[in-house]
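> What would the 3D arrangement of this be:
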Amino acid sequence: GSAPNGHFMSQAAEFGHGTFTYIGDVREVEEKMRRLFATLENPVLTGIEVSWPTGAAVESWPQRLGDLYLGEPLSLSARFDGRPAAELTVTGRRLNEPWSVRLPLAGGRSEGVAVLWAQRKVRALQGSAHDGADPEQVRAEIVALGLEHHLVTPHTSLLAVDVTPTRPEMRIVLAGLRMKSFY
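Predicted coordinates:
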C-alpha cells in the first residue's frame, strides 16, 4: 500500500523470527517476492542464543534474537553492571547442524550504544505491557530510561532551550564627558 506501517512490520518480523520486505510499487512485486522467498528459504543461522560468562552481570536487548538471513544484520546491545565480560558465546544452527563461536569483547562504554540499548529496552517494556505486565511499573521504567538517556518515549519528551542571546547587550559608558548646548 501507499502508507505501510513500517514499525508494525518490523516488530511483527522480529516477534516471528523473520524479516519483511517493503513493496512500494506493484511493478516490484515479482522481483521482491522472489528475493523474499529465497531469503526465507535459506537462513544463515537459526535458533540463535547468546551466552555470557558465568557471574557476568549483563542486561542485553533484544532478549530474544531472530534468525540471521543473508545480507541482513543481527544486532545485540548490552549493558554491564560492574566490569564488562571478556567474551560471549553465540550458538545456533547452521544448515541444520549445531554452530558456535566465542567472540571477544573489547572497547569501553559508548554513548551511542548506551542509547541504542535504552531504546531497545523501552521497546521491550512496551511489548511487556501488552503481555500483562503492570502498566504503572512499565511506565515508571520507561520514564526513568527516557530521562537517563534523553529519549523521546510515549511518556517522555525533549525540550530544547537555546540560551544564546538574540541581541547583544548594549552598555553606554558616560565617563568624563561634558555636554555643551549651543543655541
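> Need the CA coordinates for whichever strand or helix holds Ala140. PDB is fine.
Using DSSP states H and E, the element containing Ala140 is helix 135-149. As requested, C-alpha coordinates have been extracted for helix 135-149 and formatted as PDB (Å, rounded to 0.1, in the frame of the first residue of the first chain):
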ATOM      1  CA  PRO A 135       1.200  -0.700  33.300                       C
ATOM      2  CA  GLU A 136       2.300   1.600  36.100                       C
ATOM      3  CA  GLN A 137       5.600  -0.300  36.600                       C
ATOM      4  CA  VAL A 138       6.200  -0.300  32.900                       C
ATOM      5  CA  ARG A 139       5.500   3.400  32.600                       C
ATOM      6  CA  ALA A 140       7.900   4.200  35.500                       C
ATOM      7  CA  GLU A 141      10.700   2.200  34.000                       C
ATOM      8  CA  ILE A 142      10.200   3.800  30.600                       C
ATOM      9  CA  VAL A 143      10.200   7.300  32.100                       C
ATOM     10  CA  ALA A 144      13.400   6.500  34.000                       C
ATOM     11  CA  LEU A 145      15.100   5.300  30.900                       C
ATOM     12  CA  GLY A 146      13.900   8.200  28.800                       C
ATOM     13  CA  LEU A 147      15.200  10.700  31.300                       C
ATOM     14  CA  GLU A 148      18.500   9.000  31.900                       C
ATOM     15  CA  HIS A 149      19.300   8.500  28.200                       C
END
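> How far does it sit from its chain's centre?
Averaging C-alpha coordinates over helix 135-149 and over its chain gives two centres that are 16 Å apart (CA atoms, centre = their mean, to the nearest Å).
> same check, this time on stretch 62-72
Its chain's C-alpha centre lies 14 Å from the corresponding centre of stretch 62-72 when counted by CA atoms, centre = their mean.
> residues in contact with the residue nearest to the spatial centre of the chain?
Residue closest to the average C-alpha location in the chain (CA atoms, centre = their mean): Leu116, at 3.6 Å. By CB atoms under 8 Å, 6 or more residues apart in numbering, Leu116 lies in contact with Ser77. Using the backbone N, CA and C atoms, a C-beta is placed for each residue, glycine as well.
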